[in-house]
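1. Give me a model of this one.
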Amino acid sequence: MSVDAKIEFPVIEFRSSDLERGTDGWHRLCNKVREACETFGCFEVVYDTISTEVREEMFRLIKELVEVPVERKQKNVLPPPSHGWVGPSSHVSPLYEGFGLGDASKYDSVKNFAQLMWPKGHPLFW
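-> Next comes the predicted model:
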């Protein structure tokens, strides 16, 4: 007997009007992103105005983050629900790696995370 299950990840539409920090739209968008990350660990972004160059840069930066030494990633420790860094597990999920931030909508939280990952600095965060 087999079970065919299809997992559908959340799709979040980013509208320019919701990207103004501090607005109601911004807070709703932040909540959707947080909920998707807590529940699924990922989500699909729909945003028509993101250029190919920006998408390529995003994936380049994600690759940089994944390549940070494990010893540094392990310093990213947070209480639930964020839990900090979660590394690959050979018996559970060898390809999974997760990074938790206390509150990604707050500049200081992102800055602290960037300083932890790149203590000598990173041109996009310093």
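2. the longest helix in this structure is where?
-> Secondary structure of the chain read by DSSP state H shows that its longest helix is helix 24-40.
3. Skipping its backbone neighbours, what lies nearest K32 in space?
-> The shortest distance from K32 to any non-neighbouring residue, by C-beta to C-beta, 6 or more residues apart in numbering, is to I12 (5.1 Å). Where you see a C-beta, it was placed from the backbone N, CA and C, and this is true even at glycine.
4. how distant is the helix or strand just after the longest helix of the chain from the center of its chain?
-> Next along the chain after helix 24-40, taking DSSP states H and E as the criterion, comes strand 44-46. The chain centroid and the centroid of strand 44-46 are separated by 13 Å under C-alpha atoms, centre = their mean, to the nearest Å.
5. please begin residue numbering at 30 from this point
-> That works, and once the first residue is 30, the last one we named lands at strand 73-75.
6. Tell me the helices and strands packed up against strand 73-75.
-> Counting contacts by 3 or more C-beta pairs under 8 Å, 6 or more residues apart in numbering; DSSP states H and E, strand 73-75 is packed against strand 40-42.
7. May I have the strands that pair with the strand it packs on, each with its orientation?
-> Next to strand 40-42 in the sheet, as set by DSSP bridges, lie strand 73-75 (parallel).
8. how near is the residue nearest the centre of the chain to S45?
-> Ranked by distance to the mean C-alpha position of the chain (C-alpha atoms, centre = their mean), the top residue is F128 at 6.7 Å. Computed as C-beta to C-beta, to the nearest Å, the F128 to S45 distance reads 27 Å.
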